[in-house]
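1. would you be able to build a 3D model of this:
(4 chains)
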Protein chains: 2
Amino acid sequence: MLDAVARVRRFNRAVTSAVGALDNSFLGRGRPLGAARVLNAIGHGRSDVAEIRDYLGLDSGLMSRLLRSLEDEGLVETEAHENDARRRVATLTRTGKREFAAYEALSNAQAEGFLAQHSQAEALLAAMDLVASTLTRERIALDEMDPRSEEARYCLGEYYAELGRRFSQGFDVSLSRDPDAKDMRRPRGTFIVAMSDTLPIGCVGLKGTDHGYAEIKRLWVAPAARGLRLGRRLMDAAEDAARGLGIALLRLDTNSALPEAGRLYRTTGWREIPRFNDDPYPDLFFEKRL
Amino acid sequence: MLDAVARVRRFNRAVTSAVGALDNSFLGRGRPLGAARVLNAIGHGRSDVAEIRDYLGLDSGLMSRLLRSLEDEGLVETEAHENDARRRVATLTRTGKREFAAYEALSNAQAEGFLAQHSQAEALLAAMDLVASTLTRERIALDEMDPRSEEARYCLGEYYAELGRRFSQGFDVSLSRDPDAKDMRRPRGTFIVAMSDTLPIGCVGLKGTDHGYAEIKRLWVAPAARGLRLGRRLMDAAEDAARGLGIALLRLDTNSALPEAGRLYRTTGWREIPRFNDDPYPDLFFEKRL
DNA sequence: CATAATATCTGACTTTAGTCAGATATCGTG
DNA sequence: CACGATATCTGACTAAAGTCAGATATTATG
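-> This is a model prediction of the structure:
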């Protein structure tokens, strides 16, 4: 009754019926689920027919017919791809956009209704993030992004907030050596964000310097993604990027108030070295030769 | 991208594809999903045909045919209900039990595989419990049970463990006035367990005394079910039971280390009274006239 | 005990999803 | 420019799910 497997299976039963209910609410718009899914995929910006087919796992014949039925309803228009006349590109008509908006409203209402059931929404959301990150673990993408991008700035904001909570003296970015964004762009360095679906769940920066080494900065994993060994994946990606940039020596600083970070470095080939900067926050310094 | 609704919808997408994968694994046994679902419902103890139909949301014609196909396969036998010859009762044959066991093995393997993905399984399970409890909130059943039942003992064990964590001096049941089970059985009192699917997620005891009042004891809500206002539902149920037993006055004791409990009592018509027992743990005492 | 309600079953459907083999047009490459 | 690869479409299917109107047997109720 109470072992781990039973708890997972209870969860499965709960979400199976919830998912079924959501599907049913979609059927209320008088269109089979398959067609509704295609319409929504287009609405969410997937215009390339092959991409939609792949995303929804549809047979090409079925896909073709579903698109045709949406065209017959006047919701979708297709035209040839501008660079490849074999491919088709689908767009929503004005009516199609209205219909898509109605599906969006249904989804949003369902989500809001669910949140309203719980008096501590943030705890519930954190739990959902964790489960969703785990379920989609193999689809977490590590993307190189500009450190000024929305995703990067979100991660950095969360990272600073967490340091503020975990350092007994708090954390003030302006006192720290905030890396210049251009040092974390190719060819000097890079910035990598881990994306789970549309949610940024981790980051790491590789900051180029003029001192014969590059630095690893801003390694962060969202609470909702801890336990998935994402920190290790991010570090591997940063080291790979460094190798690609011809960097032979890496350094980083950290703080003993972040023991999980220290453990990660020690178990992945980093060795502790003396202080190499005058940043007030770090008290541990590491180096790794690639 | 990051607002609450978007996070819920990301979760929905993640579980939708996971649920689809689970369904697909069920198809591997050469039987349509509908038939597999009926077989599993019977295997899980739902024998009454109408109950299965209701649980799976099936049309009576469809249900009848699915049952027939399982009978043709030699997996299921049906007979008339002993008290009502209109109703049918389905049971698994020996072969049916074997087949059900194969489905169970698939489900268990899937659950184990999922858990193995995560290095902090307990945090993941807690998150899943919370989400599942919220999703099935309207199906949480408050059942009167014997305080010695497995479910009751599980709740009490969790309750004692939590007191041990939250009281600075720990908690030792033997030092407390452990209520006699027979005082929490009808007609002296009762014991109510909140069940979410197969998981006990809360409890409360109504303990009869010979002093002109009854006591509320052992109010507990599982961490995975907090925020659902289950404590209030349990208290309402206990008070209803007390009224049904002709009890006019209720008392309870609690501890200021459990502030959420104190808040609940104060906002639901209880008034603080002087100490009325010599139990070493409580430091707050309440009374409510029904 | 007549009558309404209930539970299941059967036959005759429709809709949806999915499969598969070609047909057609276009693209990339040597 | 021939040729294989690719993207889509069409026709012809099957399987699964679901719907609906009775038929039958049984039970509950006034």
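2. contacts only, for the closest residue to A:Gln120 other than its chain neighbours.
-> Nearest residue to A:Gln120, sequence neighbours excluded (C-beta to C-beta, 6 or more residues apart in numbering or on different chains): B:Gly227, at 3.9 Å. C-betas here are computed from N, CA, C, even on glycine. Residues in contact with B:Gly227 (C-beta atoms under 8 Å, 6 or more residues apart in numbering or on different chains) are A:His118, A:Ser119, A:Gln120, A:Ala123, A:Leu124, B:Thr134.
3. what's the answer for A:Glu287, then?
-> By C-beta under 8 Å, 6+ apart, the contact set of A:Glu287 is A:Tyr213, A:Leu249, A:Leu250, A:Arg251, A:Trp270, A:Arg271, A:Ile273.
4. re the thing from before, ok, of the contacts of B:Gly227, which one's closest to B:Thr91?
-> Of all the contacts of B:Gly227, B:Thr91 sits closest to B:Thr134, with 34.7 Å by C-beta to C-beta.
5. from B:Tyr159, how far off is that closest one?
-> B:Thr134 sits 21 Å away from B:Tyr159, going by C-beta to C-beta, to the nearest Å.
6. and the contacts of B:Gly227, which of them are buried?
-> Neighbour counting by 16 or more other C-beta atoms under 10 Å in any protein chain shown classes A:His118, A:Leu124, B:Thr134 among the contacts of B:Gly227 as buried.
7. circling back to that earlier point, which of the contacts of A:Glu287 fall in strands?
-> Among the contacts of A:Glu287, the members found in strands (DSSP state E) are A:Leu249, A:Leu250, A:Arg251, A:Arg271.
8. which residues in the stretch 1-150 of chain A form helices?
-> Secondary structure of the stretch 1-150 of chain A by DSSP state H, counting those that start in this stretch: the helices cover A:4-27, A:33-43, A:49-56, A:60-72, A:94-116, A:121-135, A:150-166.
9. ranking those helices by burial, who's on top?
-> helix A:121-135 (a mean of 22; mean count of other C-beta atoms under 10 Å in any protein chain shown).
10. what's next to that helix, contact-wise?
-> Under C-beta under 8 Å, 6+ apart, the answer for helix A:121-135 is A:11, A:115, A:118, A:140, A:196-197, A:199, A:201, A:222-225, A:227-228, B:4, B:7-8, B:10-11, B:13-15, B:17-18, B:114, B:117-118, B:123-124, B:126-128, B:130-131, B:134, B:226-227.
11. so A:Leu106 touches A:Phe26, yeah?
-> Yes: the pair A:Leu106 / A:Phe26 is scored as a contact, 6.7 Å apart, by C-beta atoms under 8 Å.
12. using JSON lines, lay out the helices of the stretch 1-150 of chain A together with mean pLDDT.
-> Below are these laid out as JSON lines (pLDDT from 0 to 100):
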{"stretch": "helix A:4-27", "mean pLDDT": "90"}
{"stretch": "helix A:33-43", "mean pLDDT": "96"}
{"stretch": "helix A:49-56", "mean pLDDT": "95"}
{"stretch": "helix A:60-72", "mean pLDDT": "96"}
{"stretch": "helix A:94-116", "mean pLDDT": "95"}
{"stretch": "helix A:121-135", "mean pLDDT": "93"}
{"stretch": "helix A:150-166", "mean pLDDT": "93"}
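13. let's have the ones you listed in a markdown table, adding distance to DNA strand D.
-> Below are these laid out as a markdown table (distance: least, C-beta to the nearest atom of the strand, whole Å):
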| stretch | distance to DNA strand D |
| --- | --- |
| helix A:4-27 | 9 |
| helix A:33-43 | 10 |
| helix A:49-56 | 3 |
| helix A:60-72 | 3 |
| helix A:94-116 | 16 |
| helix A:121-135 | 23 |
| helix A:150-166 | 29 |
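14. residues from the stretch 151-290 of chain A in reach of chain B?
-> Proximity of the stretch 151-290 of chain A to chain B, by C-beta under 8 Å from any C-beta of the partner chain, involves residues A:Tyr154, A:Ser196, A:Asp197, A:Thr198, A:Leu199, A:Arg226, A:Gly227, A:Leu228, A:Arg229.
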